[in-house]
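Asks: next comes the sequence, and after it the predicted model I'd like to discuss.
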Amino acid sequence: MPNNPWFQRQRYLVDFTVGALARRKGRNLALLAVYALIVFVLASVLLFSQALRHEAAMLLSSAPEVTVQRMVAGRHDLVPAAYLDRLAKVRGVADGRGRLWGYYYDPSVAANYTLLVPMSDPPPPGKVRVGATLARTRGLGVGDVLSLRSHEGHPFPFTVDGTLSSESALLTADLVLVCEQDFRALFGIPAGLYTDLILTVRNPREVTKVAEKVLRTLPDTRPIVRDDILRTYAALFDWREGMVMVLLSGAVLAFIIFAWDKASGLSAEERREIGVLKAIGWETSDIMAMKLWEGLLVSVFAFLLGYLAAYLHVFGFGASLFGPVLKGWSVLYPQFELTPRVDGFQVFTLFFLSVFPYALATIVPVWRAAIADPDVVMRQ
Amino acid sequence: MNLSLKALSRGERVLLAGLVLLASFAGTFIHAGLAASRAEHTAAANRALTSRLALTDLALFTEARYTRHRSQADLHAAFQDHPGALEHFPTGSLAGPPPYRAPHAEQPVVPEAALPR
Amino acid sequence: MIELVDVRKAFNQGQHNELWAVRGVTLRLEANCTTVLRGPSGSGKTTLLTLIGCLARPTSGRVRLRGRDVSGMTERFLTGLRRQTFGFVFQQFNLVRGLTVEENVMLPAYPLGVSRPELRRRAHNLLESLDLAPHAQARAEWLSGGQAQRAAIARALVNDPAVILADEPTANLDTDLSHRFLDIVRDLKRKGKTLIMTSHDPLLYQAPEVDRVIGLRDGHLD
């Protein structure tokens, strides 16, 4: 195969185009570097958002199917336990439970904790289990005391019973798990009231219908279905990705103008060279193929270098360059490792957008020069 | 065919480098696939935890109460107790917090009354 | 071998700067014959050379190569014909900068996809015969005028064409190098090549190697 004339011809054309590019080595390498940098930044944003979006969708796929909040005068309020009985009668609801959770602002680290009563296996009274990030920030270990202030201003000491695994930090960074009795005592929530309710639905396809029935049964509530949550997160990362892209678009456009100019402007020397090649027996198609190789070599190399650097940056170095914009920042910031995730379609789109316009920009002007009669080289 | 690098022409060496890059490119897909299957155990454990704690949100945006549970209700207004918190809207999203509010700042937190209004 | 019938060539036709470089030339050139197109600058001799070498198409008239009319051929066919039949040596040599001398010589054969060892052997033999072998790996732009011309001749010969066309081959050479060029001409003649050159250099058109001199003035044959 390698000695087939077609392959041999392509190899010669590459030889020629590499030789031609090497004439302005510095300039062309700089172009390649900037080109690769642009691809790197775009690919980093794409890969990072994609991985985060996927992670969110994966983790929240086991979130409650329906969360029911009570609204009073348009504001979130505690739900009476009696609502559970009324919801149990709604057709399609398999099970309903009350959730207790709330926030606690800790001025000593300027952070919000999320206090939560687990659905099963709660810590014993007087004990808490804390998220790995919170434990790290506050310097807490098993047996240490975490003192919170109750709603009446009294200190409320808890003993740390255990910490949640750091692999779950993306979910549990700021969690403080307490038992129901302590939760009610700390915040002064009387028995019979919950933060919100969660429902299990018998037939997953009827979730929306059940939510409608919930609204009809209890008009002062707001049901949130799991799909809404997933959509919220998808939209959130889309939005942030979009913001970064908008900021980058200026740089990208500047580069496109520069690259277009560089690729499409034929210097007098190049024009002459095309004439020489034609005069010594190259066909228009040979010249086009040679120039296409030039465009492809530059753009494919830029794409591959940029993409590979982005992959390393995002999954090897935790997207240290602009992760904060995409993830947000906070005091209790979860340390998590993103599972590499590449979306073939997205990568293909990036490939297409970074390679195709440049390759096109290199061959279009050549087409015009190459179909001219080659005798121009003789006339000077 | 002579496979030593010196026997190759300049163009062929460039093509070879391209092939190496292309192989690495394909390698990222394989790597991602392997990593996903390796992470499956953790992922399953985390999904179980989500279900046991009835979690509705990621702990990604813990900086303010109104951002912590993105999917939940809105008893929370911006700047309740953390004036430097980043909003998830264009105005606040891309500016950092003032230095004294930055994570791990040495100084104690400035009381709210001292902050410019 | 090559026949021109009432050939005319205009540049910028229909515009205010319209120029008729060749105005009705009828000419027959025999194979294995060395011909010089002689004339002052602006006489249309270079344009005539491009018409003979199928680099340009005549505005009117016929060009026949071995009895076949080439004026109506497609560009693709014409390129193939040009590649097999003609080798060009330009006045400015037009070597491609950045490539080695060897690569420059191999250049006309690239589109044919000849195997690399075979092509390198051919290039090497040509460079050897023109005393350029030591410079094979040098960049084309590093060569002196005489070396560059010999490299250009080697390039013109690599596809083993029957006809060599040279535009003002001695214009950029001193007397010594011009004599050296005539040695090469003699050698090519011996190998049965047809040579067609333009020149207004007496050293060339009065040389014994030249079989025929055709005078041109204002686009007409003298």
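Replies: Arrived safely, thanks for sending.

Asks: for chain B, what are the nearby residues on chain C?
Replies: Within chain C, the positions adjacent to chain B are residue C:116 by C-beta under 8 Å from any C-beta of the partner chain. C-beta here means a position set from N, CA and C on the backbone, and glycine is covered the same way.

Asks: what residue is smack in the middle of chain C?
Replies: With distances taken as C-alpha atoms, centre = their mean, residue C:165 lies nearest the centre of chain C, 2.0 Å away.

Asks: secondary structure element for it?
Replies: strand C:163-167 (DSSP states H and E).

Asks: so that strand, near chain A or not?
Replies: Yes - Strand C:163-167 is in contact with chain A by C-beta under 8 Å from any C-beta, via residue C:167.

Asks: for the next helix or strand after that strand, which residues meet the burial criterion?
Replies: The first helix or strand that comes after strand C:163-167 along the chain, using DSSP H and E, is helix C:175-190. Neighbour counts over helix C:175-190 (16 or more other C-beta atoms under 10 Å in any protein chain shown) mark C:177, C:178, C:180, C:181, C:182, C:184, C:185, C:188, C:189 as buried.

Asks: distance check, the second one against residue A:365.
Replies: With the distance defined as C-beta to C-beta, to the nearest Å, residue C:178 ends up 40 Å from residue A:365.

Asks: before we move on, what about the first one?
Replies: Relative to residue A:365, residue C:177 is positioned 38 Å away (C-beta to C-beta).

Asks: mind pulling up the pLDDT for the residue of chain B found nearest chain C?
Replies: Of all residues in chain B, the one sitting closest to chain C is residue B:9 (7.4 Å; C-beta to the nearest C-beta). Looking at residue B:9, its pLDDT is 84.

Asks: so who does it touch?
Replies: Contacts for residue B:9 were tallied using C-beta atoms under 8 Å, 6 or more residues apart in numbering or on different chains; they are A:11, A:15, C:116.

Asks: drop anything exposed from those residues.
Replies: Buried by 16+ other C-beta under 10 Å: A:11, A:15, C:116, out of the contacts of residue B:9.

Asks: test my guess that the last one contacts residue A:5.
Replies: Meaning residue C:116. No - using C-beta atoms under 8 Å as the test, residue C:116 is too far from residue A:5 to be in contact (11.5 Å).

Asks: quick one: the residue nearest the centre of chain A from chain C, how far?
Replies: Centroid-nearest residue in chain A, with C-alpha atoms, centre = their mean: residue A:49, separated by 1.2 Å. Taken as C-beta to the nearest C-beta, to the nearest Å, the spacing of residue A:49 relative to chain C amounts to 43 Å.

Asks: in terms of helices and strands, where is that residue?
Replies: Residue A:49 belongs to helix A:25-59 when assigned by DSSP H and E.

Asks: what of residue A:271?
Replies: Under DSSP H and E, the secondary-structure element containing residue A:271 is helix A:268-279.

Asks: mean confidence score for that helix?
Replies: On average, the pLDDT along helix A:268-279 is 85.

Asks: would you mind listing the buried residues in it?
Replies: Within helix A:268-279, the residues scored as buried using 16+ other C-beta under 10 Å are A:271, A:272, A:273, A:274, A:275, A:276, A:277, A:278, A:279.

Asks: the host helix or strand of residue A:11: which residues count as buried?
Replies: For residue A:11, the host element (DSSP H and E) is helix A:5-23. Within helix A:5-23, the residues that qualify as buried are A:8-21, counting by 16+ other C-beta under 10 Å.

Asks: in chain C, what helix or strand scores lowest on average pLDDT?
Replies: In chain C, no helix or strand scores lower on mean pLDDT, DSSP states H and E than helix C:75-85, which sits at a mean of 85.

Asks: hang on, I meant chain A
Replies: One helix or strand of chain A scores below all others by mean pLDDT, DSSP H and E: helix A:323-327, with a mean of 67.

Asks: please see if stretch A:128-144 touches chain B.
Replies: Yes - judged by C-beta under 8 Å from any C-beta, stretch A:128-144 comes into contact with chain B through A:131, A:133.

Asks: could I get the average pLDDT for that stretch?
Replies: Mean predicted lDDT for stretch A:128-144 stands at 91.

Asks: so residue A:51 makes contact with residue A:341?
Replies: Yes - counting by C-beta under 8 Å, residue A:341 is a contact partner of residue A:51 at 4.4 Å.

Asks: which parts of chain B are helices?
Replies: Under the criterion DSSP state H, chain B contains helices at B:10-38, B:40-53, B:65-68, B:90-93.

Asks: that should have said chain C, apologies.
Replies: C:45-52, C:75-85, C:101-106, C:116-129, C:145-157, C:175-190, C:202-205.

Asks: residues of chain A that sit close to chain C?
Replies: A:3-9, A:11-13, A:15-16, A:19-20, A:22-23, A:272-273, A:276-286, A:371, A:373-375, A:377-380.

Asks: ok, and of those, which contact chain B?
Replies: With C-beta under 8 Å from any C-beta as the criterion, the residues of chain A next to chain C include A:11, A:12, A:13, A:15, A:16, A:19, A:22 near chain B.

Asks: fine, thanks again, bye for now.
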